[in-house]
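Trainee: how does the following fold in three dimensions:
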Amino acid sequence: MSMKSNEREEILRMSGVDPTKCMKCGKCSASCPAYDEFDIKPHQFASYIARGDMYELMQSKTIWNCLGCFACVERCPRDVRPGKLIDGVRQAAVRRRGGTHLQPEDIPSRIDPDTPQQLLMSVLRRERK
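Mentor: Predicted coordinates for the structure are as follows:
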């Protein structure tokens with residue numbers, strides 16, 4: 001199994017998504033508030049993963065510009081959950097660069113008291129494995 005294949009399998013495991021279910025209807029992209037900031041649109045992520053085009057995904061600005069609002073997840077009629085794929089690719093990119101996850105004890109010192117709780121929950125939902 002190649003490195004590219006290992007990354008693909010790891011992303012699929014982290015996201016829990018079956019990209020072959022995508023019918024490319026574009027409803028996920030149509031509902032995305034950050035659509036204009038993406039070079040690879042949410043509805044395209046499933047195709048890239050299915051083809052194993054990991055380099056393009058890892059280099060995309062989409063993985064850093066995604067708001068994590070999961071509007072795409074809510075709109076998908078086939079339960080493909082493109083936001084989960086985007087999160088998986090972002091996590092794989094961070095790991096490839098040698099990044100680590102925060103430890104629970106590090107979190108309180110990093111939270112601004114004015115941070116909306118919805119944002120905190122979005123981050124926690126993302127980091128859940």
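
Trainee: ok, and for the longest helix that the chain contains, which residues are buried?
Mentor: Using DSSP state H to assign secondary structure, the helix with the most residues in the chain is helix 82-96. Within helix 82-96, the residues that qualify as buried are Pro82, Gly83, Lys84, Leu85, Ile86, Asp87, Gly88, Val89, Arg90, Gln91, Ala92, Ala93, counting by 16 or more other C-beta atoms under 10 Å. In this view, the C-beta of every residue, glycine as well, is placed from N, C-alpha and C.

Trainee: quick check, nearest of the residues you listed to Glu10?
Mentor: Of all these, the one sitting nearest Glu10 is Ala92; the distance, using C-beta to C-beta, is 6.0 Å.

Trainee: and the closest one, what is it in contact with?
Mentor: Glu7, Glu10, Ile11, Met14, Met54, Met58 (C-beta atoms under 8 Å, 6 or more residues apart in numbering).

Trainee: returning to what we had before: save the buried residues of helix 82-96 as JSON lines, and put in distance to Cys32 too.
Mentor: Formatted as JSON lines, the entries for those read as follows, by distance: C-beta to C-beta, whole Å:
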{"residue": "Pro82", "distance to Cys32": "9"}
{"residue": "Gly83", "distance to Cys32": "9"}
{"residue": "Lys84", "distance to Cys32": "14"}
{"residue": "Leu85", "distance to Cys32": "13"}
{"residue": "Ile86", "distance to Cys32": "10"}
{"residue": "Asp87", "distance to Cys32": "14"}
{"residue": "Gly88", "distance to Cys32": "17"}
{"residue": "Val89", "distance to Cys32": "15"}
{"residue": "Arg90", "distance to Cys32": "15"}
{"residue": "Gln91", "distance to Cys32": "19"}
{"residue": "Ala92", "distance to Cys32": "21"}
{"residue": "Ala93", "distance to Cys32": "19"}
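
Trainee: give me the phi and psi for the residue sitting furthest away from the middle of the chain.
Mentor: Going by C-alpha atoms, centre = their mean, the residue of the chain most distant from its centre is Pro113, 26.3 Å out. The phi/psi pair for Pro113 (degrees, to the nearest 10) reads phi -60, psi -20.

Trainee: could you measure from it over to Asp106?
Mentor: In this view, Pro113 and Asp106 are 17 Å apart by C-beta to C-beta, to the nearest Å.
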